[in-house]
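**Q** pasting the sequence and the predicted model now:
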Amino acid sequence: MERKHSSPMAPTFMVSAPGKVIVFGEHAAVYDKPAIAAAISLRSYLLVTTLSKSRRTVQLNFRDIGLDHTWEIDTLPWDVFHQPSKKRFYYSTVDSLDPQFLEAIMPHAEAVSRHLPEKQRKIHIKSATAFLYLFLSLGSSKSPGFIYTLRSTIPIGAGLGSSASVCVCLSTALLLQIRALAGPHPDQPADQAEMQIEHINRWAFVGELCIHGDPSGIDNTVSAGGKAVMFQRNASGPPSVIRLTKFPKLPLLLVDTQQERSTAVQVEKVKKLKTNFPEITEMILDGIGKLATSALGLISSADFFANSDALGHLGTFISINHGFLVSLGVSHPRLERIRELVDYANIGWTKLTGAGGGGCAITLFRTDIEDQTTQELEQKFTAEGFKTYETILGADGVGVLLPAVFRSGDGKAAEEIDQEKFENADGVQGINELVGVGARENREGWEFWTRDVSPR
Ligand SMILES: Nc1ncnc2c1ncn2[C@@H]1O[C@H](COP(=O)(O)OP(=O)(O)O)[C@@H](O)[C@H]1O
Ligand SMILES: C[C@@](O)(CCOP(=O)(O)O)CC(=O)O
């Protein structure tokens, strides 16, 4: 209730960024091989409330993981982050974390969730570290107080890029607050939008570094820009990103093993394999990269849907990619069970997506499948404790709702999204109904940075 008495200095606003599926190339992407990923319709939403001048606190309220912590702005290590020799700017490229910054943040990050078991607290500390690193890098000691409330419809740690989408939301909100972003707006020149997406993406990558250690950058790249991309990290410079503007609407099923795992652990597993068996691991990673390149050739061909063999070829690439990932040791019996059920029903081709070790699998359907067959399969998945998702590939990237008010096109009154409504939205459906991007017809307000769509 106290909130109602405060007089906000800036309007409450919201940002949103999508999750993703990696269609080809996970793990190999970390070792500079090409990979293909597409944004999906599941998203994270971050509501930013500005406090009155007298309240010099910053509150991080990550509802889905139960993290709620408030820091006094004046006690944060601004002097360390703002030393002239180390100060970074909104347009800076940061590709590694500064140990001195991390050391300065640590006592503040470790102050969170002291009442919780160690395993859960560790997750909270990582999220808090990512937030504080970005807040101190981009913000100012003179900053007013804020509340950052996050809710997501992306399952956490399931290989669908939940962490990247959170980092893209944080980076966008902070860049908007320091007025480093002029958009998005409908008349924005494409090259300006492209540059702003790039700034968002660079800082989101810094957040990913805090959560993961050694991310390739593919997740934040596709979450920030949306649609689909061919991504290749480059040891000696910025990654190459090819926007796939004509990515086909593939008939995909997404199945979640509901088996917990961490991206950092799976990436570490592959690193160890590479250290112990460098030649053979390099061969596998190289094979995965070649599959991504071949798949790109296939889906870019003008007659992809007209050619009756093309979908089958793509499916074969998916099966081979999964086989390679099994060889890297990042599958899981629950993922293999999904593959077994799909293979047995003979309805398509399956691979794990994301880091593996649990998480999700994607199945590319054949075209001639009866509805009844897929329904029976989905029932089997449910009976065995899997969760299926329907999603659309090629969703919009990061978007903004500023102020956090919806105006319906049908003459209804404007609807304000306040802290309380957002916190109390009931589950995924409640979030989608309250703030969902494109979830309701005739709803105006959300704006997206639109990438240069000229083919590259
Ligand atoms: N909804 C969320 N709220 C807060 N933190 C989140 C959320 N989703 C993801 N994260 C952060 O990202 C981590 C999961 O990242 P990761 O293991 O890479 O899974 P994913 O494959 O979904 O990205 C979590 O431990 C947490 O730190
Ligand atoms: C395994 C990897 O290629 C993808 C990880 O995806 P996710 O965090 O599981 O959504 C790691 C990376 O590219 O950073």
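**A** Now that the structure is in, tell me what you want to look at. In this text the structure is predicted, and so the values were computed from the model without any measurement. Numbers count the residues shown, from 1 in each chain. Ligands and ions are numbered 1, 2, ... in the order given.
**Q** neighbours of Val94, how many?
**A** By the criterion of other Cβ atoms under 10 Å, Val94 has 15 neighbours. From N, CA and C alone the C-beta is placed, and that goes for glycine too.
**Q** am I right that it is in a helix?
**A** No. Assigned with DSSP: H, G, I helix; E, B strand; the rest coil, Val94 falls outside any helix and is coil.
**Q** pull the helix or strand with minimum mean pLDDT from the chain.
**A** Least confident helix or strand of the chain, by mean pLDDT, DSSP states H and E, is helix 2-5 with a mean of 45.
**Q** that helix: what's the following helix or strand?
**A** Toward the C-terminus, helix 2-5 is succeeded by strand 13-24 as the next helix or strand (DSSP states H and E).
**Q** I'd like to know which elements the following helix or strand past that next one is packed against.
**A** Next helix or strand after strand 13-24 toward the C-terminus (DSSP H and E): strand 35-50. Helices and strands touching strand 35-50, by 3 or more Cβ pairs under 8 Å, 6 or more residues apart in numbering; DSSP states H and E, are strand 13-24, strand 146-152, helix 162-177, helix 218-225, strand 228-234, helix 278-300, helix 419-424.
**Q** check what pLDDT whichever residue of the stretch 351-456 of the chain sits closest to ligand 1 gets.
**A** Going by Cβ to the nearest ligand atom, ligand 1 is nearest to Gly354 of the stretch 351-456 of the chain, at 4.9 Å. pLDDT, Gly354: 97.
**Q** for the residue in the stretch 301-450 of the chain that ligand 2 sits nearest to, which residues are in contact?
**A** Proximity to ligand 2, evaluated over the stretch 301-450 of the chain using Cβ to the nearest ligand atom, is greatest for Gly354 at 2.9 Å. Taking Cβ atoms under 8 Å, 6 or more residues apart in numbering, we find Gly354 in contact with Val21, Ile22, Glu26, Ala158, Gly159, Leu160, Gly161, Thr263, Cys360.
**Q** give the contact list for the residue of the stretch 251-400 of the chain found nearest ligand 1.
**A** Nearest to ligand 1 in the stretch 251-400 of the chain, going by Cβ to the nearest ligand atom, is Thr263, at a distance of 3.3 Å. Residues in contact with Thr263 (Cβ under 8 Å, 6+ apart) are Gly157, Gly159, Ser163, His212, Pro215, Gly354, Ala355.
**Q** and these as a markdown table, adding secondary structure?
**A** Shown next, in a markdown table, are the contacts of Thr263 (three-state DSSP):
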| residue | secondary structure |
| --- | --- |
| Gly157 | coil |
| Gly159 | coil |
| Ser163 | helix |
| His212 | helix |
| Pro215 | coil |
| Gly354 | coil |
| Ala355 | coil |
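**Q** many thanks, we can stop here.
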